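> Sequence and predicted model, in that order:
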Amino acid sequence: MIRPSMLLRTIQRPILLARQYGRDVCGAAAIEIALWALIIVLPVLSAVDLGFFVYQRMQLEHATKMAAQAAWRACGPVYLPATNKCPGYPALLTTAIQSSSTLGNRITVTAQSEAYYCMVGSTLTPTGGSLANDTTICANGSRSADYIQVTGSLNFTPIFTGVTVASLLPTTITKTVWMRLG
């Protein structure tokens, strides 16, 4: 038979243990640090990913400029229009744009064009003439000039995929550069 004092002790023991556990603060600091770490680490990781995005965009812009400059060095003004007369023109652009030491062959030339333009203020206006023989006189009295346009693309993948705000950025970075050949 169970005595009432034993029954009372059996009920009081869990209550007493619960009170002692409620007063114990031995792990509270660790829990606070873990919660604050989540709040602090996510912005830091986002800043790293955003910085990586901006760095790759700048590298792409530099590589695209280098491709246009390589076309100017190799083709203009001797081999105008470059798309028709410059030997190895498309391969020249690809080789130059992929010469970036950090991005290499991850960059591709996605578009290239050549046309004659007039400079009106700070805006290029197409003349509408043919590439073979365009001698258009512009509104300001100057002759039209041969320009190339090179567009480079790079696929961007954040370092911390799915965790940071960089996952919301475009996955393809594109830069376009213009260069006057002649």
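Structure's in. What do you need? Numbers count the residues shown, from 1 in each chain.

> contacts and neighbour counts: CA atoms only from here.
Will do.

> can you give me the helices for this structure?
Shown for the chain, the helices assigned by DSSP state H span residues 4-23, 28-75, 82-85, 89-97.

> Out of the ones you listed, flag the one nearest V150.
Using CA to CA as the measure, helix 28-75 is the one of these that comes nearest V150, at 6.4 Å.

> quick revisit: of the helices of the chain, which is nearest V163?
If we rank those by CA to CA, the stretch that ends up nearest is helix 28-75, at 7.6 Å.

> Measure how buried the nearest residue to V109 once chain neighbours are set aside is and give me the count.
Taking CA to CA, 6 or more residues apart in numbering as the measure, V109 lies nearest to G152, with 4.5 Å between them; neighbours along the chain are not counted. By the other CA atoms under 10 Å criterion, the neighbourhood of G152 contains 25 residues.

> for G152, what are its contacts?
For G152, the set of contacting residues under the criterion of CA atoms under 8 Å, 6 or more residues apart in numbering consists of 60-61, 64, 97, 107-111, 174-176.

> Quick check: pLDDT value at it.
We note a pLDDT of 95 for G152 in this prediction.

> May I have the beta-bridge partners of it?
Following DSSP bridges, G152 is listed with bridge partners V109, K175.

> Next, find the distance separating it from A91.
For G152, the distance to A91 (CA to CA, to the nearest Å) stands at 14 Å.

> same check, this time on S101
Distance, S101 to A91, using CA to CA: 18 Å.

> Report how many residues lie close to T127.
Residue crowding around T127 was assessed by other CA under 10 Å; the count is 17.

> Phi and psi next, for it.
As for T127, its main-chain torsions (degrees, to the nearest 10) stand at phi -80, psi -30.
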